[in-house]
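A.B. asks: Here is a sequence together with a model predicted from it:
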Amino acid sequence: MIIWAVVAALLGAVCLAVGSERQSSGVRKYAGVTVLRPLDYFKLVRQGRWLVGGLLLLLGIALNVYALATAPLTVVQPIGAVAVVITTVLHARIAALKLNRSTIIAIACCVGGSAGFVALAIVATRENHRPLMDQENLTNWIAIAVIFVFAITAAILRSHPSAFLYIMGAGVLFAFVAVSTRLAILHVLDRDAGGFMGIPWLQLAVLVTAALLGSYFVQRAHQHGPPDLVVAGLTVVDPLVAVVIGIFVLGELQDGVSLFVLAGMVVAAAVASGGVLVLARDHPDVIKRKVEWDQAAQPESPKQTAP
């Protein structure tokens, strides 16, 4: 029944919101304003709140998979945007923050633009489209190029952290994870030969690498920005990039789609992306953390000795 799918999607949104807030709190408690080293992320497991957040995120993913399996995407996907609102209210209360007008407008743009884009994407794309092998290979090589670019970006950002770039990187990388997962499932269902359970080794490598690097970007985003920014980025950037890949690379665009529909998708994507940009710039927590990092980066003034 669709009603149970809606309930599952709502519960999944709550798990995503609370889980992101707990992980954000755990990362900040452990790291503060220090630079996290790669091995430090394994130590985060010792943080109870971070571990609870991770378990809630897994539960949220499971609930969302159930919802998508039992109800149309147009019903389920917009509900995920509720997580942005829940996370914003929850984090503001826990951190005793007063949301400014820019933040409220940005959240509205993220939710409205994302929901509008998904609704139009359903109209514009083919249902159950099976990409050609050449299209899959092109997707894999684009993903490899993206992974390489963001690996270099991660190295640069270690000394010049940016909440916006971290969440953009996470959203783009997890978009390729979503696309690779869908393609992998098609190979398994078709019982293809070769690779791992029919999944080509290159595609499996892309999926795992993008997931690991994307997870690194998410944790760095938690360190430098509020959890509502992280959730907004993942619920906006991820589907936008995934749909663009599907349309222009995997050939999922329907024949004879109205230009008004395509124009509407562009406008909705611009509104949602603009919301993420404003959120990364004007959110009170982002401003507060930037000040903390700037202060930590300043060298201590030498003590003056009395004459």
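C.D. replies: Cool, the structure landed.
A.B. asks: how about the closest residue to Gln254 other than its chain neighbours, what does it touch?
C.D. replies: In this structure, Gln254 finds its nearest non-sequential neighbour in Arg126, 5.4 Å apart by Cβ to Cβ, 6 or more residues apart in numbering. Where you see a C-beta, it was placed from the backbone N, CA and C, and this is true even at glycine. The contact partners of Arg126, by Cβ atoms under 8 Å, 6 or more residues apart in numbering, come to Glu252, Leu253, Gln254.
A.B. asks: Sketch out the low-pLDDT regions of the stretch 1-150 of the chain for me.
C.D. replies: Within the stretch 1-150 of the chain, the ranges that satisfy pLDDT under 70 run 1-2, 28-47, 68-78, 80, 127-129.
A.B. asks: run the last query once more with 80
C.D. replies: Confidence mapping of the stretch 1-150 of the chain against pLDDT under 80 gives the ranges 1-3, 5-6, 9, 24-50, 61, 64-85, 87-99, 118-119, 121-123, 125-132.
A.B. asks: how about Arg191, what does it touch?
C.D. replies: Gly198 are the contacts of Arg191 under Cβ under 8 Å, 6+ apart.
A.B. asks: when you give positions from now on, start the count at 533
C.D. replies: Done: numbering now begins at 533, and the last item shifts to Arg723.
A.B. asks: I'd guess it is in a strand, am I close?
C.D. replies: No: read with DSSP: H, G, I helix; E, B strand; the rest coil, Arg723 is coil and lies in no strand.
A.B. asks: that older thread, state the distance from the residue nearest to Gln786 to Phe780.
C.D. replies: Distance, Arg658 to Phe780, by Cβ to Cβ, to the nearest Å: 14 Å.
A.B. asks: and if you look at Val681?
C.D. replies: 18 Å.
A.B. asks: same thing with Gln555?
C.D. replies: 33 Å.
A.B. asks: In terms of packing, which of these two has more residues around it?
C.D. replies: Set Gln555 next to Phe780 and count neighbours by other Cβ atoms under 10 Å: Gln555 wins out with 25 against 10.
A.B. asks: ok, now which ones touch that one?
C.D. replies: Contacts of Gln555 by Cβ under 8 Å, 6+ apart are Arg581, Trp582, Gly585, Gly586, Leu589, Gln751, His754, Pro759.
A.B. asks: any idea which of the residues you listed has the most stuff around it?
C.D. replies: Pro759 (31 neighbours).
A.B. asks: rewinding a little: okay if I get the contacts of Gln555 as JSON lines plus secondary structure and distance to Leu734?
C.D. replies: As requested, the contacts of Gln555 are exported to JSON lines (DSSP: H, G, I helix; E, B strand; the rest coil; distance: Cβ to Cβ, whole Å):
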{"residue": "Arg581", "secondary structure": "helix", "distance to Leu734": "37"}
{"residue": "Trp582", "secondary structure": "helix", "distance to Leu734": "33"}
{"residue": "Gly585", "secondary structure": "helix", "distance to Leu734": "32"}
{"residue": "Gly586", "secondary structure": "helix", "distance to Leu734": "28"}
{"residue": "Leu589", "secondary structure": "helix", "distance to Leu734": "28"}
{"residue": "Gln751", "secondary structure": "helix", "distance to Leu734": "27"}
{"residue": "His754", "secondary structure": "helix", "distance to Leu734": "31"}
{"residue": "Pro759", "secondary structure": "helix", "distance to Leu734": "34"}
